[in-house]
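K.L.:
Curious how this folds, go ahead:
(chains A and B)
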Amino acid sequence: MATTMSPIPSLAGLGRPSLLVALLFSLLAIAAFIAASRTGRRDLSEAGKRALYATFGFTALATISLITALLAHDFSLSYVTSYTSRSLSVPYTISSLWGGMEGSLLFWTTLLTAFSALAIAKAPARNSRLIGAAGAVLMGIAAFFLFMVAFPGNPFAQVTGDIPVDGNGLNPLLQSPGMVIHPPLLYTGFVGFSIPFAFAIGALFTKRLDDSWFTATRQWTLLAWTALSIGIVLGGAWAYTELGWGGYWAWDPVENASFMPWLTATAFLHSVVIQEKRRMLKVWNVTLIVLTYALAVFGTFLTRSGLLSSIHTFSEGPIGKFFLPFLGLLLVGGLGMVAYRLDALRSENRLDSLISRESAFIANNVLFVAAAFTVLWGTIYPIVAEVSSGIRLSVGPPFFNTIFTPIGLAIVGLTGIGPLISWRRMSKGAFWRVVKVPLVAGGITVVALALGGLSSPGALLSFGLCAFTATAIIGEFVRGGRAYRRRDNVGPLTALNRTITRNRRRYGGYIVHLGVLLVVIGFAGNAFKVERRADMAPGDTLDVASYRLTYEGVRTASTSEKDIFEATLTVSRGGDDLGTMRPQRNLHLAQGQWQSEVAIRTNPIEDLYVVVTGFDTDQSAVIRTFVNPLTWWIWAGAAVMLAGMLVIMSGRAPVTVTAAKRVPAKREPVVAR
Amino acid sequence: MKRLALMTFIVLAMASPASAQSPEDLANDISQKVMSPFCPGVTLHDCPSQSALDMRDRIEGYARSGMSEADIMDRLEDEYGAAIRAEPSSEGAGLVAWILPAMAALAGGALAVMVVRRWTDRGSRHLANDTDEPSPGESSTSERQRLDAELGQLRGEL
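P.N.:
Now for the predicted structure:
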């Protein structure tokens, strides 16, 4: 293989010293922030901030050093040898920063110090005690991760023996555009939750348990949740397009690791609204953010410790013994602080009625936390069973689907009921009046689909609940728009625009909910999936659902990275020619690893998904095909969810109970209900 | 409305997935219920390795020979052990896997209902009686009396 000189010099020599200096500065920052939180002195808080910025600077320098080493093919570093090769393209060479355990921990740490610097810099200076305590927590976490990358997970470790001429290359499965974006988004989500976590612990330490801790970190919570959501969906899209099994979610431990904090964070996003509006659920909210962050760290531990075997766990390392005590400290320390401040966290109000939006939010929280517990329990139970009784058993998709489906459907139903109920109280009569139209829509959907031939009870219930909830949410937009039309005498589009932009948080939330419904519709389509597999010689045909595939033969080609074997299949339906599909089966030369590249013909009704799993010398091919109904809606729903989150994040901070006493409420039209 | 609700209920109660399965469909179903011995952490269905595809062929062969789903699952368990089943069994250690989430969800739901009821009772009492307990931002009778007394004391000092 030809070796080329890289135009970029390796700065690997700067890496580990930078990490050690960053660790030192993080310890200095902890000391300064603790002193600031105890004394309230602003100069100490400023000193802590400067040490925090220096921690970020040196951590970033270490990351830049590793990136230069990757780009310069500095194979004196064990990490560079393990995860790159000379033939790897520049984007994938850079993405190998998070392709292995050591690099991804460094990336985690860099994001953490960057987010910490931004959050602390933006926090109001008058809260120097809170900033001090939150800064100390953030730098405590940073110190742990800096220790991990400076010692047991050092990405700058040298190779033993001769320096190799070339590296092993990045796992072919990771050489995908989705994998360039997916891990950074997940890490942004995981790390982003450290900011509300730190401010919550800071508030507990300083006994500043009003709204300041979550209003100061609201944007971070939203950013983290959005990044995690999109990261999870992109992970699903990657699995769908790269792994070749026709699905997007396998309840794999690593998928579960990202899903658990998402569930508790979603519960938190809802319950914090009750604290803002009614000053209730204070204990619950700090508990939820502690659990969310602990689950995010647990996710990183699961992914990187090799504790649970998974096709996603591409690297394993000796870091588990450090992570578990750290995780224990986060949980015991966090929940211990909540218990210590229990008196100060008491609700300042009471529920006025069982039929109220508060009750719906509480029910929503119970369901989300039950879902998170189910996923956690199912993920760790094989280890628990083996350690406790020596029995080896598996907990796979059938378990998760059985328990999760009813919880998920109940959440979908509550998503529709929530907006219909007013805050504080609502009479039963008024409740039935507003719920009538969505119920009729749901019922009509179920009956119409059943008459149309749909026979799966789960799918009928899913579609019915989606219709119920969509009608309830769309009704909110209609009522809001109607009120603006009446008051401002404007057209329907202007009225809709005003409805959304004048209460971005509420209507942005509804848009997110509409996106979730589209995702649920996509999931429900999975009930009608059709799969066929055949060993096909050129000229053979394969019928799958309403499609007919004709195998035309194989084409071969070679690049410096891989040998390509491409099957050509013509597709028709009812005699109409629909074109050609070309799935590939490629041999990646650096790794000697075979990998399938799927061919997908997608539309809102269904995906035709074709994967070739092997070729024979006589040009025959093993073809696996799926018809996946409604999968398109999952990706569309994710896009709608993102749009909704952008609407929410573009709005101003919410007016809390405390602030509402000072600031006169903005005039909005009265929406009749 | 009632007629529609009744129809919806009847439709949902009567709905059932198609039951007749070809050997290939049965093999597909079973492959989603067993873990892959070749791809740790995923089912046989989701494992892309050639060995997994061979095992699926073998399962399809069992189905063609007339074996039922239960027979095939038992045979696979004999060959690979209990961990081949993707779903924990409903007895022994497997039962704990099922029971705990259900118990936790029930306990969580019961706790939430209890808390909500307690809060609601207090809220209702407060609304009904309008006694000493203040609304947010309001002061109670005792607080008002104390405030008056302290203001009077302050005036006296001045």
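K.L.:
so what are the domain limits for chain B?
P.N.:
Domains of chain B are assigned by automatic domain parsing as B:18-87, B:94-157.
K.L.:
Tabulate these (TSV), appending mean pLDDT.
P.N.:
Shown next, in TSV, are those (pLDDT from 0 to 100):
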stretch	mean pLDDT
domain B:18-87	91
domain B:94-157	66
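K.L.:
Please work out which of those domains is packed deepest.
P.N.:
Compared across the domains of chain B, domain B:18-87 shows the largest average neighbour count, a mean of 18 (mean count of other Cβ atoms under 10 Å in any protein chain shown). (Each C-beta comes from the backbone N, C-alpha and C, glycine too.)
K.L.:
give me the residue from the stretch 301-450 of chain A nearest chain B.
P.N.:
Residue nearest to chain B within the stretch 301-450 of chain A: A:Gly396 (3.0 Å; Cβ to the nearest Cβ).
K.L.:
can you count the residues close to that residue?
P.N.:
Using other Cβ atoms under 10 Å in any protein chain shown, A:Gly396 has 27 neighbouring residues.
K.L.:
Equivalent analysis for A:Trp284, please.
P.N.:
Applying other Cβ under 10 Å, we find 23 other residues in the vicinity of A:Trp284.
K.L.:
now do the one 5 residues further on
P.N.:
Using other Cβ under 10 Å as the criterion, A:Ile289 is surrounded by 28 other residues.
K.L.:
measure it to chain B for me?
P.N.:
Taking Cβ to the nearest Cβ, to the nearest Å as the measure, A:Ile289 falls 18 Å from chain B.
K.L.:
doesn't A:Ala198 make contact with that residue?
P.N.:
No: checked against Cβ atoms under 8 Å, the pair A:Ile289 and A:Ala198 is beyond contact range at 9.6 Å.
K.L.:
Enumerate every residue touching A:Thr541.
P.N.:
Residues in contact with A:Thr541 (Cβ atoms under 8 Å, 6 or more residues apart in numbering or on different chains) are A:548-551.
K.L.:
Which of those fall in strands?
P.N.:
A:548-551 (DSSP state E).
K.L.:
Let me have the domains of chain B in a markdown table, extended by distance to A:Ala35.
P.N.:
Output for those, formatted as a markdown table (distance: least, Cβ to Cβ, whole Å):
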| stretch | distance to A:Ala35 |
| --- | --- |
| domain B:18-87 | 47 |
| domain B:94-157 | 36 |
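K.L.:
Nearest to A:Pro172, out of the ones you listed?
P.N.:
domain B:18-87 (11.9 Å; Cβ to Cβ).
K.L.:
in the stretch 401-550 of chain A, which spans are strands?
P.N.:
All strands of the stretch 401-550 of chain A, identified by DSSP state E, counting those that start in this stretch, fall at A:530-536, A:541-544, A:547-558.
K.L.:
Quick check: buried residues in the last one?
P.N.:
Within strand A:547-558, the residues that qualify as buried by neighbour count (16 or more other Cβ atoms under 10 Å in any protein chain shown) are A:547-552, A:554.
K.L.:
for the second one, same thing?
P.N.:
By neighbour count, with 16+ other Cβ under 10 Å as the criterion, the buried positions of strand A:541-544 are A:542, A:544.
K.L.:
So for that strand, mean pLDDT?
P.N.:
Mean per-residue pLDDT for strand A:541-544: 96.
K.L.:
Which neighbours in the sheet does it have, and how are they oriented?
P.N.:
With DSSP bridges as the test, strand A:541-544 is paired with strand A:547-558 (antiparallel).
K.L.:
Only alpha carbons, please: show the strand it pairs with as CSV.
P.N.:
Coordinates of the C-alpha atoms in strand A:547-558 are reproduced here as CSV (Å, rounded to 0.1, in the frame of the first residue of the first chain):
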residue,chain,number,x,y,z
TYR,A,547,-43.5,-6.6,-5.4
ARG,A,548,-41.7,-8.9,-7.8
LEU,A,549,-37.9,-8.8,-7.8
THR,A,550,-35.9,-10.2,-10.7
TYR,A,551,-32.2,-10.9,-10.1
GLU,A,552,-30.2,-9.9,-13.1
GLY,A,553,-26.7,-10.7,-11.9
VAL,A,554,-23.6,-9.4,-10.1
ARG,A,555,-21.2,-6.6,-10.9
THR,A,556,-17.7,-6.4,-9.3
ALA,A,557,-15.4,-3.5,-8.7
SER,A,558,-12.5,-2.6,-6.5
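K.L.:
Wait, B:Pro23 touches B:Gly66, no?
P.N.:
No: using Cβ under 8 Å, B:Pro23 makes no contact with B:Gly66, being 9.2 Å away.
K.L.:
in a strand, that's where A:Gly614 is, yeah?
P.N.:
Yes: under DSSP: H, G, I helix; E, B strand; the rest coil, A:Gly614 sits within a strand.
K.L.:
Identify the residue nearest the residue of chain B found nearest chain A in space, chain neighbours excluded?
P.N.:
Closest residue of chain B to chain A, Cβ to the nearest Cβ: B:Ala86 (3.0 Å). Closest residue to B:Ala86 apart from its sequence neighbours, by Cβ to Cβ, 6 or more residues apart in numbering or on different chains: A:Gly396 at 3.0 Å.
K.L.:
go on, A:Arg16?
P.N.:
Spatial nearest neighbour of A:Arg16, chain neighbours left out: A:Phe156 (4.6 Å); criterion: Cβ to Cβ, 6+ apart.
K.L.:
Ramachandran angles for that neighbour?
P.N.:
Backbone torsions of A:Phe156, given as degrees, to the nearest 10, read phi -100, psi 10.
K.L.:
gap between it and chain B?
P.N.:
Computed as Cβ to the nearest Cβ, the A:Phe156 to chain B distance reads 30 Å.
K.L.:
Tell me where the model's unsure across the stretch 501-650 of chain A.
P.N.:
Nowhere does the stretch 501-650 of chain A drop to pLDDT under 70.
K.L.:
tell me which parts of it are close to chain B?
P.N.:
A:527, A:531-533, A:596, A:613-614, A:622 (Cβ under 8 Å from any Cβ of the partner chain).
K.L.:
switch to 7 Å and redo it
P.N.:
Residues of the stretch 501-650 of chain A lying near chain B by Cβ under 7 Å from any Cβ of the partner chain: A:531, A:596, A:613-614.
K.L.:
Make TSV out of the residues you listed and add neighbour count.
P.N.:
Shown next, in TSV, are those (neighbours: other Cβ atoms under 10 Å in any protein chain shown):
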residue	neighbour count
A:Glu531	22
A:Ser596	21
A:Thr613	20
A:Gly614	16
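K.L.:
Go through the one helix or strand A:Gly334 maps to and flag the buried ones.
P.N.:
If you go by DSSP states H and E, A:Gly334 is part of helix A:320-340. Going by neighbour count (16+ other Cβ under 10 Å), the buried part of helix A:320-340 is A:322-323, A:326-327, A:330-331, A:333-334, A:337-338.
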